[in-house]
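Chemist: Based on what follows, work out the 3D shape:
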Amino acid sequence: MRGFLAGIVFTLLAIAVATVAVSHLGLYPIGADNPPSAIERSLAMRALDVYADKHKPDMGNPVQATHENLMEGQRLYEDHCALCHGSAKTKLSPLRDKFNPPVPQLIADVPEDEDAWVFWVTKHGARMTGMPSWNGILSDDQIWKVVAYVKHSGKMPQ
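Modeler: Residues are numbered from 1 along each chain as shown. Here you go, the predicted model:
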């Protein structure tokens, strides 16, 4: 039993030493043009999904999908989001593959996530993805209008 416990301690210590060595010796590729490993991608996306689900507002979009609100949402989206996420005119951004992970193209592939989830990620951003927090730049009302536009963009005339 003693040998088994020593083996577990040794394994955990080896993992910790290897992690510190890789990070301190510059052995881990952090450039945006280096694709993340499947494990890194899976863990990061799972963490984002769970955290945003836990912290998103417990409500639907308070902004009604009126012509005026959707047009305001489109204006805000085109001014602040289209460069990375694609526009109404050019559905795919030339920057889509220049980020790691690649930037979701929200007009070409309207997200199926709940409005509150999209609101939370837009308001608070996603660390280490290039997605900034729009909190303090756009009001909650403006962010909800952007969310309404994105969710209805597939149904709007071009």
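Chemist: Pop the domain breakdown of the protein in here.
Modeler: Per the record, the chain has its domains at 1-30, 38-155, by automatic domain parsing.
Chemist: highest average neighbour count across those?
Modeler: domain 38-155 (a mean of 16; mean count of other Cβ atoms under 10 Å). Yep, even glycine has a C-beta here, placed from its N, CA and C like the rest.
Chemist: who are the neighbours in contact with Trp144?
Modeler: Neighbouring residues of Trp144 by Cβ atoms under 8 Å, 6 or more residues apart in numbering: Asn61, Pro62, Val63, Asp115, Phe119.
Chemist: If I look at the last one, what pLDDT would I see?
Modeler: Just to be clear, that refers to Phe119. Note for Phe119: predicted pLDDT of 98.
Chemist: Got phi/psi on it?
Modeler: Backbone torsions for Phe119, taken as degrees, to the nearest 10, come to phi -60, psi -50.
Chemist: For it, list the residues it contacts.
Modeler: Applying Cβ under 8 Å, 6+ apart, we find Phe119 in contact with Lys56, Pro57, Asn61, Asp140, Ile143, Trp144, Val147.
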